[in-house]
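Visitor: One predicted model, sequence on top.
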Amino acid sequence: MLRRVRTRFAPSPTGPLHIGGVRTALYAYLFARKHGGDFLLRIEDTDQNRFVPGAEEYIIEALQWCGIHIDEGVSVGGPHTPYRQSERKEMYRQYAMQLVKSGHAYYAFDTAEELEQQRKTAEAAKQTFAYGSASRMSLKNSLTLSSDETEKLLNSNTPYVIRLKVPADETIVFNDLIRGEVQFNSSLVDDKVLLKSDGMPTYHLAHIVDDYQMEITHAIRGEEWLPSAPAHILIYQYLNWKDKMPHYAHLPLLLKPDGKGKLSKRDGDRLGFPVFPLEWKDPFSGEVSNGYRERGYYPEAFINMLAMLGWNPGTEQEIFTMQELIDAFSFDHVHKAGARFDPEKAVWFNAQWLQKQDDTQMAMRLSKVVKQHFNLPDEHRSLSLEYVKECVRLLKPRIQFEQEMTVKGSYLFVAPQEYDSTVIGKKWKPELMPFFNHLLSAWADLKSFTAEETEHVFKDIAGKNNIKPGEVLQLTRVFISGQAQGVDLFPMIAMLGNAEVNQRMKAALSSM
């Protein structure tokens, strides 16, 4: 009988959610949705020393903004509550003890200082220290101590950890959904700590217990966990849960723009792009880190961009809605190699999604911003919905973010106060004044002030004054908008209207 597909995203609340974590959540969500399954959110907060206030709330808000809907977990509840590992502490201990009793785990009493000395000794010999099959019989644990000595240490509350007993020189094989068959020699796997001295479990034990109890069928995570996978497979085996072990998929890393190393916050700070979905204010330092939402990215564009980092649909299509991603997604097309992050491509995705936005909805958003930005009264002509919609249509092809409209298109809402000095210096000559006066008079006589008619008159008047249209075209733009570049000139003139254009041109000419 086929099990219902259940995936999970299980971040640690140690700070803001990196876009690599969002991608992990996204792939887990896409896979679950494609197969009619469930997507869970679980918080792995067993490392209480690294807990950061507000991080859990940030994770939930970030997923909501991205359109990744949680079926079960910390924010919505469900049949497997609690979904925070710190609230599940006792159940982990019983499984750690089960492993000790079956001989697959053991107590280790080595102090931090003793282990540090072991590392220094190994370094001096140009070796790497690992607590495992090659070293454990020379260390202080229940395998080298007598049962009486072990019992005495336990009864005297001597601090200890519980470690997994990894066998020597065995081949551990598993099938990864992205990498295919993967083999490890167990001698290269250290004896992972399962239960820490404070009684809290490590990731190695906790995620397995949680995945088993929450009936997770597919565990999707970053490739940094691949070296630990053999230990995790052994734990499933030793707990007799092998038949319920989820399929693992280890995702490729997100790399720096130059492809050299893992993408980090420092790269974003250095190169000027966010690495977090939402803005984050560090509760300890007060440092604020930029977010894609606050930079003006659409969540659809952000998700579309992330999906393509390490996956492709096998076609030339690049623009996907969430539903299209769900329909197309497959681990067969997830790459094994790291995915290089391209900040310019991220901007491109947003520009593509901007073109898909509804003009009316954009105009409604823009009119509110324009009113506030330029401090305009409610009855100002620039605030009518139809006028703002025309502005949106003209500006759309020339911007990448909505918030650019009030800056790059300011002249559509208020008359310019300054004029591009470079254009004026190169193009303006007093002998052009008759042409402009003639032009204004001809435009004023137009019954149909359309883009086509105003352009026709412009060219006609230029010809009658023995002027090439190109000689005065940019000057005309500057007189009306103040800027050397902008939206298409004659559609802009038609939209502003005869009276506004006349007033702006006369104001500009009077200052020449």
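Guide: Received the coordinates, thanks.

Visitor: For the rest of this, base every contact and every neighbour count on C-alpha atoms.
Guide: OK.

Visitor: Please tell me how far Asp358 sits from Arg365.
Guide: Asp358 is 11 Å from Arg365, where distance means C-alpha to C-alpha, to the nearest Å.

Visitor: Now the common contact residues for these two.
Guide: Between them, Asp358 and Arg365 share no contacting residue under C-alpha atoms under 8 Å, 6 or more residues apart in numbering.

Visitor: and the end-to-end length of stretch 65-74?
Guide: In stretch 65-74, first residue to last residue: 17 Å (C-alpha to C-alpha).

Visitor: What are the contacting residues of it?
Guide: Here stretch 65-74 makes contact (C-alpha under 8 Å, 6+ apart) with 25-26, 29, 38-43, 63, 76, 78, 81-84, 299-300, 302-303.

Visitor: In helices, which of those residues fall?
Guide: Within the contacts of stretch 65-74, membership in helices is found for Ala25, Leu26, Tyr29, Leu63, Pro299, Glu300, Phe302, Ile303, as judged by DSSP state H.

Visitor: Excluding covalently adjacent residues, which one is nearest to the second one?
Guide: It stands for Leu26. Ile68 (6.8 Å; C-alpha to C-alpha, 6 or more residues apart in numbering).

Visitor: ok, Gly222 touching Leu251?
Guide: Yes - between Gly222 and Leu251 there is a contact under C-alpha atoms under 8 Å: 4.7 Å.

Visitor: any idea of the mean pLDDT for stretch 401-421?
Guide: Averaging pLDDT along stretch 401-421 yields 96.

Visitor: Only alpha carbons, please: show that stretch as PDB.
Guide: Output of stretch 401-421 as PDB, limited to C-alpha atoms (Å, rounded to 0.1, in the frame of the first residue of the first chain):
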ATOM      1  CA  PHE A 401      10.400  47.400  -9.600                       C
ATOM      2  CA  GLU A 402       7.100  49.100  -8.900                       C
ATOM      3  CA  GLN A 403       8.700  51.600  -6.500                       C
ATOM      4  CA  GLU A 404      10.800  53.000  -9.400                       C
ATOM      5  CA  MET A 405       7.600  54.500 -10.900                       C
ATOM      6  CA  THR A 406       7.500  57.600  -8.600                       C
ATOM      7  CA  VAL A 407      11.200  58.200  -9.300                       C
ATOM      8  CA  LYS A 408      11.600  57.400 -13.000                       C
ATOM      9  CA  GLY A 409       8.100  58.700 -13.800                       C
ATOM     10  CA  SER A 410       7.900  61.700 -11.400                       C
ATOM     11  CA  TYR A 411       7.300  64.100 -14.400                       C
ATOM     12  CA  LEU A 412       4.100  62.300 -15.200                       C
ATOM     13  CA  PHE A 413       2.600  63.500 -11.900                       C
ATOM     14  CA  VAL A 414       4.200  66.900 -11.300                       C
ATOM     15  CA  ALA A 415       5.900  69.400 -13.600                       C
ATOM     16  CA  PRO A 416       9.700  69.500 -13.600                       C
ATOM     17  CA  GLN A 417      11.500  72.200 -11.600                       C
ATOM     18  CA  GLU A 418      14.800  71.500 -13.200                       C
ATOM     19  CA  TYR A 419      15.900  70.600 -16.800                       C
ATOM     20  CA  ASP A 420      18.700  68.300 -17.900                       C
ATOM     21  CA  SER A 421      21.700  70.700 -18.200                       C
END
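
Visitor: Only the buried residues of that stretch, if you could.
Guide: For stretch 401-421, the neighbour count (16 or more other C-alpha atoms under 10 Å) marks 401-402, 405-406, 408-413, 415-416, 419-420 as buried.

Visitor: hmm, who's touching it?
Guide: 296-297, 350-351, 354, 366, 369-370, 373-374, 382, 391-392, 395, 399, 478-484, 486-487, 492, 496, 504.

Visitor: which residues in the stretch 251-400 of the chain form helices?
Guide: Applying DSSP state H, counting those that start in this stretch to the stretch 251-400 of the chain gives helices spanning 265-271, 299-307, 322-328, 343-355, 359-374, 385-395.

Visitor: Include mean pLDDT and distance to Pro246 when you put these into CSV, please.
Guide: Output for the helices of the stretch 251-400 of the chain, formatted as CSV (pLDDT from 0 to 100; distance: least, C-alpha to C-alpha, whole Å):
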stretch, mean pLDDT, distance to Pro246
helix 265-271, 92, 32
helix 299-307, 98, 23
helix 322-328, 98, 21
helix 343-355, 98, 33
helix 359-374, 95, 44
helix 385-395, 96, 49
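
Visitor: and of those, who's closest to Lys140?
Guide: helix 265-271 (40.2 Å; C-alpha to C-alpha).

Visitor: The closest one: how far from the chain's middle?
Guide: Between the centre of helix 265-271 and the centre of its chain there are 14 Å (C-alpha atoms, centre = their mean, to the nearest Å).

Visitor: and that helix, which residues are buried?
Guide: If you call a residue buried by 16+ other C-alpha under 10 Å, then helix 265-271 has these buried ones: Gly268.

Visitor: Comparing the helices of the stretch 251-400 of the chain, which stretch has the densest surroundings?
Guide: Comparing the helices of the stretch 251-400 of the chain by mean neighbour count (mean count of other C-alpha atoms under 10 Å), helix 299-307 comes out on top with a mean of 22.

Visitor: Other residues contacting that helix?
Guide: For helix 299-307, the external contacting residues (C-alpha under 8 Å, 6+ apart) are 19, 23, 26-27, 65-67, 292-293, 319-322, 325, 345-346, 349-350, 352-353.

Visitor: Can you get me the centre-to-centre distance for stretch 51-63 and its chain?
Guide: Averaged C-alpha coordinates place stretch 51-63 at 14 Å from its chain's average position (C-alpha atoms, centre = their mean).

Visitor: What's opposite Asn141 in the beta bridge?
Guide: On the basis of DSSP bridges, Asn141 is bridged to Ala108.

Visitor: Keeping just the C-alphas, turn the helix or strand of the chain with the lowest mean pLDDT into CSV.
Guide: Least confident helix or strand of the chain, by mean pLDDT, DSSP states H and E, is helix 265-271 with a mean of 92. C-alpha atoms of helix 265-271 as CSV (Å, rounded to 0.1, in the frame of the first residue of the first chain):
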residue,chain,number,x,y,z
LYS,A,265,25.1,37.2,4.1
ARG,A,266,28.6,38.7,3.6
ASP,A,267,28.3,38.2,-0.1
GLY,A,268,25.0,40.0,-0.2
ASP,A,269,26.4,42.9,2.0
ARG,A,270,29.5,43.2,-0.3
LEU,A,271,27.7,43.0,-3.6
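
Visitor: Just the residues contacting that helix, thanks.
Guide: Residues from elsewhere that reach helix 265-271 (C-alpha under 8 Å, 6+ apart): Lys256, Pro274, Val275.

Visitor: From those, keep the buried residues only.
Guide: Among these, those classed as buried by 16+ other C-alpha under 10 Å are Lys256, Pro274, Val275.

Visitor: Gln474: which of these is nearest?
Guide: Out of the buried ones among the contacts of helix 265-271, the member with the shortest distance to Gln474 (by C-alpha to C-alpha) is Pro274, at 37.1 Å.

Visitor: Which pLDDT value goes with that closest one?
Guide: Predicted confidence (pLDDT) for Pro274: 96.

Visitor: Thanks a lot, catch you later.
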